[in-house]
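1. Quick one, what's the 3D model for this:
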Amino acid sequence: MAKPEAVRITTARSSAADDMRSRQRRYAWSMSIRLVCFVAAVAVGPGVLRWTLVAAAVFLPLFAVVMANAGDQRDDGFTLPANPGIHELAAPDPEDR
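-> You can find the predicted model right below:
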């Protein structure tokens, strides 16, 4: 009976604390850009650019929340081979010894 291959951990998710820190950082950057858009909209004066900056500042929170909540989606295409004859929690069969 051949030994099963080792499972690779390259696709393991980051820890919950690291994931939360990363999400908070992305959200903070997005809100900083939103603040810059608001300040720039006031500074540029009337015109199309002002309304473009205001629209960006208004709709940026929607995208910021979506991006901040995007999960860690690591995938290197590796899949474990399906082996329906072996059950992980089943007792070993005495005939296999």
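2. Apart from its neighbours in sequence, what residue is nearest Phe63?
-> For Phe63, the nearest residue in space outside its immediate sequence neighbours is Ser30; the separation is 7.1 Å by C-beta to C-beta, 6 or more residues apart in numbering. For the C-beta atoms, the positions are set from N, CA and C on the backbone; glycine is no exception.
3. hang on, I meant Arg34
-> In space, Arg34 comes closest to Leu60 once its chain neighbours are excluded; the distance is 4.5 Å by C-beta to C-beta, 6+ apart.
4. dump the residue contacts of the one you found.
-> Contact analysis of Leu60 by C-beta atoms under 8 Å, 6 or more residues apart in numbering lists Ser30, Met31, Ile33, Arg34, Cys37.
5. now, which of those residues sits nearest Ala64?
-> Each of the contacts of Leu60 was scored against Ala64 by C-beta to C-beta, and Ser30 proved nearest at 3.3 Å.
6. Show me what counts as buried in the host helix or strand of that closest one.
-> Ser30 is part of helix 16-44, with elements assigned from DSSP states H and E. Residues Arg23, Tyr27, Ser30, Arg34, Cys37, Ala40, Ala41 are the ones in helix 16-44 that count as buried (16 or more other C-beta atoms under 10 Å).
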